[in-house]
Each structure stands twice: as structure tokens, then as C-alpha cells.
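Chemist: coordinates for the following, if possible.
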Amino acid sequence: MTATKKFTVGQSVIITRLAINSGQEATVTSVGRTIVHVGAVGDNKGYRIDTGALNDKQYPMHGHIYTTDEWDARERRRTVTARIHALGVSGAALQNRSTDALEQVVAILEADGAVAAF
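Modeler: Predicted coordinates for the structure are as follows:
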């Protein structure tokens, strides 16, 4: 399986680390066939292009790389999920719904007067 290139040298990206889940801005320093390297706060780590995971055989899930568009979509989903949970709706069925669908659910519940607007 060939990795889809979505990174370019000099591109601004967001990386997460196990201890810093909020995301940290970094710059792509090199792009290979399967690995993209970023420089942030004095270190230069490699991330797999196909999965976005830190290229560390022992601890691959301790870091992840996102394009700015992916990060924005992730934050949008996190926000709408928090709003839905605040409305008292939860469950595994929500995980399989698109962010647009979840936003429509929130709009319906808020318009129906079920809860006060946020």
C-alpha cells in the first residue's frame, strides 16, 4: 500500500504527544516515501505518513501528526460531541455519525427548547 502524500517541506502541522494532547504547532522539515519529519521545540521526530503515528516501534501511539485541516476537523468533532453530551445524549451510536449529522442533532435539540443555548 502506497502512502498518500499530504505533506510538504515548510508546511505547518500540528503534533500531539502523550503528555501534550492539546496539540503543538510544528514545521515539516523533510518528507520521505513513508516518513515525514517535523521540527518542534528542539527535536526532530519522524511520523508515518500512512497512519500519522510517531515512527517509534516501541511507542507509536505516543505521538501523532495532523495537517491543519485534519486538526480543525478533529477539534470541530470534539466540540460537537461535548455539546451533545451536555444535552444528555450519549451512546455508541454517536460514534458512527458524521460531524455534520451530530451538529444537526444539536441544532434540533436546542431549537426544540430542550435546553438553553450554550
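Chemist: what stretches of the chain score poorly on pLDDT?
Modeler: Across the chain, the ranges flagged by pLDDT under 70 are 1-5, 19-21, 40-43, 60-61, 112-118.
Chemist: quick one, longest helix in it?
Modeler: Secondary structure of the chain per DSSP state H: the longest helix is helix 68-86.
Chemist: so which bits of stretch 53-71 are buried?
Modeler: By neighbour count with 16 or more other CB atoms under 10 Å, stretch 53-71 contains the buried residues 54-55, 63-67, 71. Glycine gets a C-beta too; all of them are placed from N, C-alpha and C.
Chemist: what's the span of it, first residue to last?
Modeler: 14 Å (CA to CA, to the nearest Å).
Chemist: check stretch 46-62 too.
Modeler: Taking CA to CA, the first and last residues of stretch 46-62 lie 12 Å apart.
Chemist: picking up where we left off before, from the buried residues of stretch 53-71, which is closest to G32?
Modeler: Distance to G32, by CB to CB, is smallest for N55 among these, at 10.1 Å.
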